[in-house]
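> Dropping the sequence and predicted coords here.
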Amino acid sequence: MEVIVLAAGKGTRMNSALPKVLQPLAGRPMLSHVLETARGLGASRICVVYGHGGEQVRERMAAPDVAWALQEPQLGTGHAVQQALPHLEAEGQALVLYGDVPLIGADTLKRLVEAAGTDRLALLTVELDDPTGYGRILRDAAGQVSRIVEQKDATEAEREVCEVNTGILVAPLARLRDWLSRLSNDNAQGEYYLTDIIGMAVSEGVPVVAENPDTVAETLGVNNKAQLAELERLHQRMIADRLMAAGATLIDPARIDVRGSLECGRDVEIDVNCVFEGQVALGDGVRIGANCVVRNARIGAGTRLAPFSHVEDTVMGEGCVIGPYARTRPGTELADDVHLGNFVEVKNSKVASHSKANHLAYVGDADVGERVNIGAGTITCNYDGANKFRTIIEDDVFIGSDTQLVAPVRVGKGATLGAGTTLSKDAPAGQLTVSRARQTTIPGWKRPVKKPK
């Protein structure tokens with residue numbers, strides 16, 4: 001089976017410099033969703049027909065398994081499919097998809113391909129309460145598909161038909177080539193309609209069969225930002241339903257955004273307004289508080305993210321307690337039972353088991369051992385304006401509040417750093433290190449007062 005994806009539309013109503021098929025749905029271009037589905041069907045070849053903004057589309061979506069065909073000028077859907085034919089084999093099946101119909105499902109398409117077999121033309125049709133703007137499916141007295149009539153060419157009686165064409169079809173390639181070569185643009189639009197091949201197939205005795213999608217949402221296209229927003233919510237609700245069916249608890253299924261893939265173990269709970277980007281895996285019993293953002297992360301069983309925490313490119317062990325308002329940046333690795341409290345930031349660091357920084361700290365480019373306590377206001381001074389350096393904190397260290405560790409520096413096992421210490425040399429193991437000015441009281445000192453005006 002070969003796949004043709006029509007993606008040449010200008011998308012004028014999007015009012016955007018970004019080509020329509022590159023508009024994002026769940027964090028990825030609409031065209032990306034369609035190509036992913038096509039690959040999941042085992043397509044032997046995928047050809048994308050592009051036009052407006054074409055070079056930008058090609059650069060963004062380039063892949064070894066995708067061929068590109070330019071449609072210029074753009075003379076209709078039939079003309080678009082013609083441009084793809086030189087890139088396809090002479091025999092087999094051709095599946096036609098659309099770059100601005102991003103929610104089409106693999107199961108629906110598999111049924112459509114099976115219905116087509118090797119010698120039939122299979123259409124994906126749907127019943128709409130309001131079919132305005134769609135081509136109508138016309139059937140004969142026996143209930144067989146006879147032809148498709150476009151809205152502008154339909155009679156009043158034909159416009160009453162609610163079964164419409166989605167544009168998605170499967171046809172034998174050899175016949176498709178012949179039908180396309182005989183298309184005419186004698187219609188209200190002056191275009192070459194792909195739908196005209198239906199009448200040709202019927203007249204030649206080629207069986208035309210129709211299949212319906214699992215959901216109407218799969219067939220919805222996007223022409224403006226309002227429709228894009230509607231599809232975003234539909235897509236997110238589908239994701240939410242799958243997560244809940246697998247056992248996750250979503251406090252409000254209407255307020256979750258997955259912009260990538262999200263895998264949940266058993267008894268995961270996700271509060272409202274959380275965003276998951278890239279590849280995210282949550283272990284059993286993980287609890288995600290409201291308004292968290294998690295990107296490219298693995299979070300171990302039983303870990304809890306309090307509200308407003310941001311996690312990016314991070315691996316967390318089991319039983320960690322994070323936030324609220326904590327941030328882990330790329331390169332962070334937390335072992336089991338690590339605690340990061342409010343306004344704690346960790347970047348490119350490894351923190352071993354049972355260590356904690358409960359508030360107002362920055363740990364960057366550091367290796368932190370087990371059972372370490374990092375006091376409030378502590379920072380690793382890892383950047384000298386040109387280069388980054390690492391801080392080593394060994395097991396069982398206690399770091400007092402408002403401490404600065406000027407890297408490169410090592411704090412030995414079991415050491416204690418007094419509050420307010422600026423550490424620029426290694427601190428020996430098992431001892432107290434303090435670096436602060438001597439406290440002085442000045443007798444008789446008076447605070448300045450404002451002079452009268």
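Alright, I've got the coordinates.
> For the residue nearest the centre of the chain, list each beta-bridge partner.
Most central in the chain under CA atoms, centre = their mean is Arg259, positioned 2.5 Å from the mean C-alpha point. When assigned by DSSP bridges, Arg259 has beta-bridge partners Glu277.
> you'd agree it is up against Gly27?
Yes - Arg259 lies in contact with Gly27 (CB atoms under 8 Å); the separation is 2.7 Å. Using the backbone N, CA and C atoms, a C-beta is placed for each residue, glycine as well.
> Identify the contacts common to those two.
Common neighbours of Arg259 and Gly27 (criterion: CB atoms under 8 Å, 6 or more residues apart in numbering): Glu277.
> which residues does Arg28 contact?
With CB under 8 Å, 6+ apart, Arg28 has these contacts: Arg259, Gly260.
> May I have the phi/psi pair for Ala217?
Taking degrees, to the nearest 10, you get phi -60, psi -30 for the backbone angles of Ala217.
> What about it, how many residues nearby?
For Ala217, the neighbour count with other CB atoms under 10 Å is 16.
> Asp402 now?
Number of residues near Asp402 (other CB under 10 Å) recorded here: 17.
> Quick one: neighbours of the closest residue in space to it that isn't next to it in sequence, just the number.
Nearest residue to Asp402, sequence neighbours excluded (CB to CB, 6 or more residues apart in numbering): Gly377, at 4.0 Å. Gly377 has 16 neighbouring residues, counting by other CB under 10 Å.
> go on, Asp100?
Neighbours of Asp100 using other CB under 10 Å come to 23.
> how about it, what does it touch?
Ala7, Gly9, Gly11, Lys20, Val21, Met30, Gly221, Val222, Asn223.
> so how far is Arg177 from the first one?
When distance is defined by CB to CB, to the nearest Å, Ala7 is 21 Å away from Arg177.
> So which residues of the stretch 201-350 of the chain form strands?
Using DSSP state E, counting those that start in this stretch, the strands of the stretch 201-350 of the chain run over 208-211, 249-250, 256-264, 269-270, 274-282, 287-288, 293-299, 304-305, 310-316, 321-322, 327-328, 332-334, 339-347, 350-351.
> deepest of those strands, which one?
Of all the strands of the stretch 201-350 of the chain, strand 327-328 has the most neighbours on average by mean count of other CB atoms under 10 Å, namely a mean of 26.
> Adjacent strands (with direction) for that strand?
If you go by DSSP bridges, strand 327-328 pairs up with strand 310-316 (parallel), strand 339-347 (parallel).
> Val164 contacts Leu138, correct?
No - between Val164 and Leu138 there is no contact under CB under 8 Å: 10.9 Å.
> Between the two, point out the one with more neighbours.
Val164 (21 against 16).
> for whatever helix or strand that one lives in, which positions count as buried?
In this assignment (DSSP states H and E), Val164 forms part of strand 163-172. The neighbour-count check on strand 163-172 (16 or more other CB atoms under 10 Å) flags Glu163, Val164, Asn165, Thr166, Gly167, Ile168, Leu169, Val170, Ala171, Pro172 as buried.
> cool, and stretch 369-380?
In stretch 369-380, counting by 16+ other CB under 10 Å, buried: Gly369, Glu370, Val372, Asn373, Ile374, Gly375, Ala376, Gly377, Thr378, Ile379, Thr380.
> so the third one touches Ile392, yeah?
Okay, so that is Val372. No - using CB under 8 Å as the test, Val372 is too far from Ile392 to be in contact (11.1 Å).
> which one is Thr328 nearest to, not counting chain neighbours?
Closest to Thr328 by CB to CB, 6+ apart is Thr314, at 4.4 Å.
> Is that neighbour in contact with Ile322, as I believe?
No - in this structure Thr314 lies outside contact range of Ile322 using CB under 8 Å: 9.5 Å.
> where do the contact lists of these two overlap?
Thr328.
> on that earlier part again, tell me the one of the contacts of Asp100 nearest Gln74?
Nearest to Gln74 among these is Gly9, at 8.1 Å by CB to CB.
> give the contact list for the closest one.
Lys20, Val21, Gly51, His52, Gly99, Asp100.
> Check Asp367 too.
With contacts defined as CB under 8 Å, 6+ apart, the neighbours of Asp367 are Ser349, Lys350, Arg390, Thr391, Ile392, Ile393.
> So what does it have for phi and psi?
phi -120, psi 110.
> what pairs with it across the strands?
Lys350, Ile392.
> Burial check on Ala240, number of neighbours?
Neighbours of Ala240 (other CB under 10 Å): 20.
> Quick check, it in contact with Asp252.
No - look at Ala240 against Asp252 with CB under 8 Å: they stay out of range, at 9.0 Å.
> Give me the common contacts of these two.
By CB under 8 Å, 6+ apart, Ala240 and Asp252 have no common neighbours.
> Distance-wise, check Ala171 relative to Ala407.
From Ala171 to Ala407 the distance is 66 Å (CB to CB).
> Same check on His359?
22 Å.
> Over to Gly105?
52 Å.
> Looking at these two, which one has more neighbours?
Ala407 (21 against 17).
> Without its sequence neighbours, what residue ends up closest to the more buried one?
Phe389 (3.7 Å).
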